[in-house]
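Visitor: all I have is the shape, not the residue letters:
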């Protein structure tokens, strides 16, 4: 068949799958051009004005608001923040109705002779407690297109071309994977006009802007597929990044390329915002990533990791997740549900490589990462929720619209396909390959084989479960199918940490918090954890933020949002709790806690005899230190 006929047949088939009974979708001519402009200058009220011209043929048209957002893996798009919707053709206002079978859709009847509709509305900023995060502050903002755009049903987003432009506050600079159109006539009016991209690329290319901006090249001039760091700070930020800190980001690029062997992008733009009031965002895109910190990213570089490994995690997603993409996550639009059963690869493998590459590049130290893994391993070894819900089932958590906080998270389980998968599957696989091959091969070899491509080519490569098994077998013959299923389908409260043991380390507990324990705390609101002793964690004001299922605190009836006022008759401090736990090792002095629940005061007695227990990784001298080899820069 000729290409035009093939396109016609495929689009008719797509139309049949997207159209609902009794609802016909009007498609515009082939290769339609959509235009959108966003006025983002109202930063006082966070009201953005959006104007779009959307191609449409005469007849019924459905406009969709993105619902299943990439990176969130769930139906979290919030159409409630879209307001003032008007649709016009040639100045004539058209009546729209809410789609009866899709509340994020708007149905319009396009009149005869029309080839497009003009759409205008406001985006009112994220609602309080929204499941998606946005950078919105007086000094910086993040424009994320899935929050701002309506798009036509009936055509894959990869087949719609878009001309876009944005008006930013006066004096603000911007960074994005989008590229400005040279010689744009609107530039002098405060508008930034971008080159034409597909709607799929636009939706995956946020624009960050701010008053205090610095662009840092991560490659030498003339590099074919370059990468850059876009740093946004608060206007009064005093500390500038040192050359050593900048070099760590350059080494992240070098170490990741050394691991995978190619660059799956045309260019890459690492968007990093750090400032008081900025909040926290960590989200992957194919040619960029969002990394927002609420101040302190550059502080205490040698002592506190400040979650800098998340920068490496989102970076790795350009290879693992965006380029090499699980079947079920190759979205044709942002309306149809995704299939998440391979998130233990998409997120779990990326979590593992993000941690490893953060150390190899110097974003964090090996000692800092070992402490993070100590916490994860101690929690993972005994997890009550595993009695009824296996690791595989947690991959459906975001599809259940469960991105919010869970009160009993170690019983319900939530996002264990990140950290649990990293240690229970991928560290185990790495150390097992190293052991079976006599140190000749490792998960590095799997990375090159499983995630293989050509620099400059961003066309996604889709895989399934069998492809993972085959790639592992090609590196080291083993019953990898059985290996994976045993860990994914495990339903017992305890599990063995074979990978950690094979690496020459084991989880231990100390009764005094060391410098790494203290450095890991959030400096703005540090949580004191008694998870591995009394079974609760409290913030600096004594408010209980977590109670562990079946722990002494749980059995005593305590719950999140209770407030710890006093221990042993004295006002609560972490130090007094530590002293009280030490004093009751023989059971002679149980903890006497004064709690407040609303207007009620409670006296609670906890006979905890473990003493304080803070997890650490301890060397097993009888085994070689494989973690040192895993963390070694390439």
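Guide: Structure received. As the structure is a computational prediction, the values presented were derived from the model and not from experiment. Numbers count the residues shown, from 1 in each chain.

Visitor: what about the residue nearest to the spatial centre of the chain, distance to residue 617?
Guide: Central residue of the chain (CA atoms, centre = their mean): residue 283, 4.2 Å from the mean position. With the distance defined as CB to CB, to the nearest Å, residue 283 ends up 30 Å from residue 617. Every residue, glycine included, has its C-beta placed from N, CA and C.

Visitor: got it, and residue 387?
Guide: Taking CB to CB, one finds residue 387 at 26 Å from residue 617.

Visitor: for residue 426, same thing?
Guide: For residue 426, the distance to residue 617 - CB to CB - is 17 Å.

Visitor: before we move on, what about residue 408?
Guide: Residue 408 is 27 Å from residue 617, where distance means CB to CB.

Visitor: have a look at the two and say which one is more surrounded.
Guide: residue 617 (23 against 16; other CB atoms under 10 Å).

Visitor: for the more buried one, which three-state class applies?
Guide: strand (DSSP: H, G, I helix; E, B strand; the rest coil).

Visitor: isn't it up against residue 508?
Guide: Yes - if you go by CB atoms under 8 Å, residue 617 and residue 508 touch, sitting 7.3 Å apart.

Visitor: what about the helices in the stretch 401-550 of the chain?
Guide: Taking DSSP state H, counting those that start in this stretch, the helices of the stretch 401-550 of the chain run over residues 409-412, 416-421, 428-436, 443-450, 465-475, 480-488, 498-502, 515-519.

Visitor: least reliable of these by average pLDDT, please.
Guide: Note on the helices of the stretch 401-550 of the chain: lowest mean pLDDT is at helix 515-519, with a mean of 77.

Visitor: so what secondary structure elements neighbour that helix?
Guide: Packed against helix 515-519 by the contact rule (3 or more CB pairs under 8 Å, 6 or more residues apart in numbering; DSSP states H and E) you find helix 366-381.

Visitor: just give me how far the helix it packs on sits from the chain centre.
Guide: 20 Å (CA atoms, centre = their mean, to the nearest Å).

Visitor: give me the contacts around it.
Guide: 304-305, 309, 355, 358-359, 410, 419-420, 422-424, 494-497, 500, 505, 507, 509, 516-517, 519-520, 531-532, 615-617, 627-628, 631 (CB atoms under 8 Å, 6 or more residues apart in numbering).

Visitor: state the distance from residue 260 to residue 353.
Guide: Plainly put, residue 260 is 9 Å away from residue 353 if you go by CB to CB.

Visitor: equivalent analysis for residue 229, please.
Guide: For residue 229, the distance to residue 353 - CB to CB - is 19 Å.

Visitor: what residues of stretch 490-501 count as buried?
Guide: 490, 495, 497, 499-500 (16 or more other CB atoms under 10 Å).

Visitor: kindly report the same for stretch 532-549.
Guide: For stretch 532-549, by 16+ other CB under 10 Å, it's 532-538, 542-549.

Visitor: farthest-apart pair in these, please.
Guide: 542 and 549 (21.3 Å; CB to CB).

Visitor: where does pLDDT dip in the protein?
Guide: Applying pLDDT under 70 to the chain flags residues 1-31, 128-131, 183-188, 402-405, 520-524.

Visitor: mark out where each domain of it begins and ends.
Guide: Domain assignment for the chain by automatic domain parsing gives 20-196, 336-506, 515-612.

Visitor: how about residue 140: which residues does it bridge to?
Guide: For residue 140, the beta-bridge partners under DSSP bridges are residue 210.

Visitor: how near is it to residue 271?
Guide: 10 Å.

Visitor: need the residues touching each of those two.
Guide: Joint contacts of residue 140 and residue 271 (CB under 8 Å, 6+ apart) are 208, 232.

Visitor: what sits closest to residue 85 if chain neighbours are left out?
Guide: Nearest residue to residue 85, sequence neighbours excluded (CB to CB, 6 or more residues apart in numbering): residue 121, at 4.4 Å.

Visitor: wait, that neighbour sits on residue 83?
Guide: Yes - with contact defined as CB under 8 Å, residue 121 counts as touching residue 83 (6.5 Å).

Visitor: give me the more crowded residue out of the two.
Guide: residue 121 (20 against 11).

Visitor: surely that one is in a strand?
Guide: Yes - under three-state DSSP, residue 121 sits within a strand.

Visitor: residues touching residue 558, list them.
Guide: Residue 558 makes contact with 536, 544, 547, 595, 604, according to CB under 8 Å, 6+ apart.

Visitor: which residues sit in contact with the closest residue in space to the second one that isn't next to it in sequence?
Guide: In space, not counting the residues next to it along the chain, residue 544 is nearest to residue 562; the distance is 4.6 Å by CB to CB, 6+ apart. Neighbouring residues of residue 562 by CB under 8 Å, 6+ apart: 543-544, 595-597, 602.

Visitor: okay if I get the residues you listed as TSV plus distance to residue 527?
Guide: Shown next, in TSV, are these (distance: CB to CB, whole Å):
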residue	distance to residue 527
543	10
544	10
595	17
596	18
597	19
602	21
